[in-house]
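[1] I need the structure of the sequence given here:
(one chain, ligands or ions: 2)
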Amino acid sequence: MKNLFKNTEFVFGVTNYRKLPEDVGSEVLLAGRSNAGKSSALNVLTDNSKLARISKTPGRTTEINFFKVNDDIMLLDLPGYGFAKSSKAKKKDWGPLLGEYFQKRKALAAVVIFMDIRHPLKESDWEMIHLCRNFNVPFIPALAKSDKLSNNNIAKAVSFVKEKIPESNPIAISSKDKLGFNKLSRAIIEYC
Ligand SMILES: Nc1nc2c(ncn2[C@@H]2O[C@H](COP(=O)(O)OP(=O)(O)O)[C@@H](O)[C@H]2O)c(=O)[nH]1
Ligand SMILES: [Mg+2]
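    Ligands and ions are numbered 1, 2, ... in the order given. Alright, predicted model coming up:
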């Protein structure tokens, strides 16, 4: 399958709703706790190992980073939520932006919620799920690092998440083994 995400490039980071680009096209928000495996997944998804490093640049970690896939689709990298070093300060930084974003943004097409497949559905993941549900935004649970589990336990984790959030279709991925990314791309594109 041709990789639609192959030419994805970083365009800018935004800390303030007023600085967002024009509200057109489809935006897919990439969310997850720090360390869930989101940056690694972004690299595999786009076949570009330089991309996600941008999100690690100090100063960029409190911004929503915009990655342009093509003229219609943007991926928005939201800095990891939960326990990060300065998590309170961080929350304060993009908390209001995120609320306003969900409330107003017509371009918001879907949210991918990255979770470590061994520890899915932590409290901060539920906060994101509630936000999606409240604003009727479809979301895709991406269960990362599936190489850490046996096939049997992968299946168990997927059904566990499906049971807890029946309206979703959880996808197991491994950035290490490059597994699950066809499914993930298709799911993303479906919402755009
Ligand atoms: N075994 C394994 N480790 C992974 C995978 N994806 C990420 N990691 C590791 O998990 C840690 C956090 O990954 P990163 O992508 O930076 O997570 P982020 O904080 O969500 O962006 C790093 O040490 C990665 O090497 C995966 O698919 N398999
Ligand atoms: Mg990251």
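
[2] The closest residue to residue 149 other than its chain neighbours: neighbour count?
    Closest residue to residue 149 apart from its sequence neighbours, by CB to CB, 6 or more residues apart in numbering: residue 117 at 6.0 Å. Placement of C-beta: from N, CA and C, glycine included. Using other CB atoms under 10 Å, residue 117 is surrounded by 27 other residues.

[3] Identify the residue nearest the geometric centre of this structure.
    Closest to where the C-alpha atoms of the chain average out (CA atoms, centre = their mean) is residue 30, at 1.7 Å.

[4] Relative to residue 79, how far out is the closest residue to residue 63 other than its chain neighbours?
    Excluding the flanking residues, the one nearest residue 63 by CB to CB, 6+ apart is residue 13, at 3.4 Å. From residue 13 across to residue 79, the span is 10 Å (CB to CB, to the nearest Å).

[5] now do residue 104
    To residue 79, residue 104 is 20 Å away according to CB to CB.

[6] Compare the two and say which is more crowded by neighbours.
    Ranked by neighbour count (other CB under 10 Å), residue 104 and residue 79 place residue 79 first, with 23 against 13.

[7] Surely the more buried one is in a helix?
    No: Residue 79: not assigned to a helix; according to DSSP: H, G, I helix; E, B strand; the rest coil it is coil.

[8] Chain neighbours aside, what residue packs nearest to residue 180?
    Nearest to residue 180 is residue 173, by CB to CB, 6+ apart, at 3.5 Å.

[9] What of residue 34?
    Going by CB to CB, 6+ apart, residue 34 has residue 80 as its nearest residue, at 3.3 Å.

[10] Quick check, pLDDT for that neighbour.
    Per-residue confidence at residue 80 stands at 76 (pLDDT).

[11] likewise residue 94?
    According to the prediction, residue 94 has pLDDT 65.

[12] just for this structure, where's the confidence low?
    1, 54-61, 82-94 (pLDDT under 70).

[13] interface residues of it facing ligand 1?
    Taking CB under 6 Å from any ligand atom as the contact definition, the chain meets ligand 1 at 32, 34-40, 80, 114, 144-145, 147-148, 174-176.

[14] Which members of those are classed as buried?
    Buried members of these, scored by 16 or more other CB atoms under 10 Å, are 32, 34-40, 80, 114, 144-145, 174-175.

[15] Surely residue 157 is in contact with residue 172?
    Yes: between residue 157 and residue 172 there is a contact under CB atoms under 8 Å: 7.0 Å.

[16] which neighbours do these two share?
    117, 143 (CB atoms under 8 Å, 6 or more residues apart in numbering).
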